[in-house]
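K.L.:
Need a 3D model of the following:
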Amino acid sequence: MSNLGNGSGGRVCMLGIDPGSYATGYAFLTATGNRAGLLDYGVLRAKKDDELIFRIGHIIGELEILIEKFKPQALCMEETFFAKNARTALILGHIRGAIMSLAYKCDLVFSEKSPRKVKQSVTGNGAASKEQVANMMGRLLGVNVGKETALDSTDALAVAWAGLFG
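P.N.:
Sure thing, here's the model as predicted:
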C-alpha cells in the first residue's frame, strides 16, 4: 500500500479481482491507516454460450461501470497458478490482459498476488481452503458470508485485502 500514499492516514480504495472468463469476482475495500471498510463485492457473470470476445467485453464493461462508481486508486489481481489445460490457460490470459489494460486505462496502481500470498495475508496459512478464506474475510470485515456467497467474490475480497495489507 506504500505505493498509494496511505502512510499519512489517507483513505485508499482498492479493487480486488479474482479473474475468470465466465465468472470474475470483484471487491472494493477502503483502508484508512490499518482500518478496512467494505464498499461492494460480487461476481460478474458472462453467458457461457457467448464467444470469448463477448464474455470479455461484458466483464470489462461491467468493471468500467464499477470503477466509475467507486473510483479506486488501485487494482490487485490474483495471479494464475494453474490451469486444467493449455486452452484454459490461454483463455484466462485473455481476460487477465483485458483487466490489466483496463487498469492502465483508468490510471490505477496495478499489482498481482499469488494465491498463496493472498491466503497467507488473510488467514496466516498459505495453504488455507477457499472456505477458510471466505470465513476469515467475513470475520475481518464483519459481514455474513454464508454458503450462498460465491467463493469467487470472497476470493476477490481476499485479493483486495492482500493488496492493501499483504
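
K.L.:
Touching stretch 50-68 from outside, list them.
P.N.:
15, 17, 21-22, 24, 26, 28, 40, 44, 46-47, 91, 94-95, 98-99, 102, 106, 108 (CB atoms under 8 Å, 6 or more residues apart in numbering). Where C-beta positions appear, they are placed from N, C-alpha and C, glycine not excepted.

K.L.:
For ChimeraX, write the selection for the buried entries among those.
P.N.:
Of the contacts of stretch 50-68, the buried ones can be selected in ChimeraX as follows, counting by 16 or more other CB atoms under 10 Å:
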select :15,17,21,22,24,26,28,44,46,91,95,98,99,102,106,108
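
K.L.:
Identify those among the contacts of stretch 50-68 that sit within strands.
P.N.:
Residues of the contacts of stretch 50-68 located in strands (DSSP state E): 15, 17, 24, 26, 28, 40, 44.

K.L.:
Not counting its neighbours along the chain, what's nearest the fifth one?
P.N.:
Sequence neighbours aside, Leu39 is the residue nearest to Phe28 in space, at 3.9 Å (criterion: CB to CB, 6 or more residues apart in numbering).

K.L.:
Spit out the contact partners of the one you found.
P.N.:
Leu39 makes contact with 13, 28-30, 70, according to CB under 8 Å, 6+ apart.

K.L.:
Just the closest of those residues to Ala128, please.
P.N.:
Leu29 (18.7 Å; CB to CB).

K.L.:
There's contact between that closest one and Asp40 in this structure, I believe.
P.N.:
No: applying CB atoms under 8 Å, one finds Leu29 not in contact with Asp40, separated by 9.3 Å.

K.L.:
show me where pLDDT drops low in the protein?
P.N.:
Along the chain, the model assigns pLDDT under 70 to residues 1-9, 81-83, 147-148.
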